[in-house]
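Student: kindly return the folded structure for what I paste below:
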Amino acid sequence: MAQRSRLRWVVLALPLLAFLWLTIFLLRGLFSDPTELSSALVGKPVPQFELPDIYDTQKIHTESVLQGRPMLMNVWATWCPTCRAEHEYLNKLAAQDVYIVGLNYKDDSRAKAVNWLNTLGDPYQVNLFDERGMVAIDFGVYGAPETFLINAEGEVVYRHVGDVNERVWNNVLGPQYERLMADYTAAGGTP
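Tutor: So this is what the prediction gives:
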């Protein structure tokens, strides 16, 4: 009889425990920030690649362009309305000597991307043309825009999904970039 009573208690408790687990799981997702997508690359070197320059397809860049100093790598595309929205702010950052490398993502026309930069301004020190999006996939990019903070050793420090704007820069990317720059200059690097 006691065994039957315990069995009944277990049968009644299992759905309640499953409900509580599901509730906690869903509440955790409800209060999470969708722009906070972790990256498997944080703390690791950037992936190896070879990509043409957006202006000169005969000039090939490798992952070495993402080494030597702290920088942002911004993934953008002409078909991306949010990229257009963030572009003016990236120009402001470049004017403040923030070093930015651009990764043009899945644009079907290099000419369209070059026209975009000529029309809206070019905040990038280096422009990579990733026509098929394969290098972006190696970075774990879901879509544009995404921005990676990279240290002088060429390691990914942080990944931001969404546009870079004044709030994001002041609260998230800027303080981290400034710390990396302070460490870099303290070690003898020149901005």
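Student: how about the helices in this structure?
Tutor: Here the chain has its helices, by DSSP state H, at 2-30, 81-95, 110-120, 134-139, 166-168, 174-186.
Student: between these, which has the poorest mean confidence score?
Tutor: Ranked by mean pLDDT, the helices of the chain end with helix 2-30 at the bottom, a mean of 60.
Student: in contact with residue 98, which residues?
Tutor: 72, 177 (CB atoms under 8 Å, 6 or more residues apart in numbering). C-beta here means a position set from N, CA and C on the backbone, and glycine is covered the same way.
Student: that one and residue 173, how far apart?
Tutor: Noted for residue 98: a distance of 9 Å to residue 173, by CB to CB, to the nearest Å.
Student: from residue 78, how far out is the spatially closest residue to residue 53 that is not a sequence neighbour?
Tutor: Setting aside the residues directly before and after it, residue 53 is nearest to residue 59 in space (CB to CB, 6 or more residues apart in numbering), at 4.1 Å. Distance of residue 59 to residue 78, computed by CB to CB: 21 Å.
Student: compare these two (neighbour count), which wins?
Tutor: Shown here are residue 59 and residue 78; by other CB atoms under 10 Å, residue 78 has more neighbours (20 against 11).
Student: pLDDT score assigned to the closest residue to residue 135 other than its chain neighbours?
Tutor: Nearest residue to residue 135, sequence neighbours excluded (CB to CB, 6+ apart): residue 49, at 4.5 Å. Per-residue confidence (pLDDT) for residue 49: 97.
Student: overlap in contacts, residue 98 and residue 173.
Tutor: With CB under 8 Å, 6+ apart as the test, residue 98 and residue 173 both reach residue 72.
Student: residues touching the residue nearest to residue 124 when sequence neighbours are not counted, list them.
Tutor: Distance criterion CB to CB, 6+ apart; nearest residue to residue 124, sequence neighbours excluded, is residue 102 at 3.5 Å. Listed by CB under 8 Å, 6+ apart, the contact partners of residue 102 are 54, 73, 74, 76, 122, 123, 124, 126, 127, 128.
Student: that concludes my questions; thank you for your assistance.
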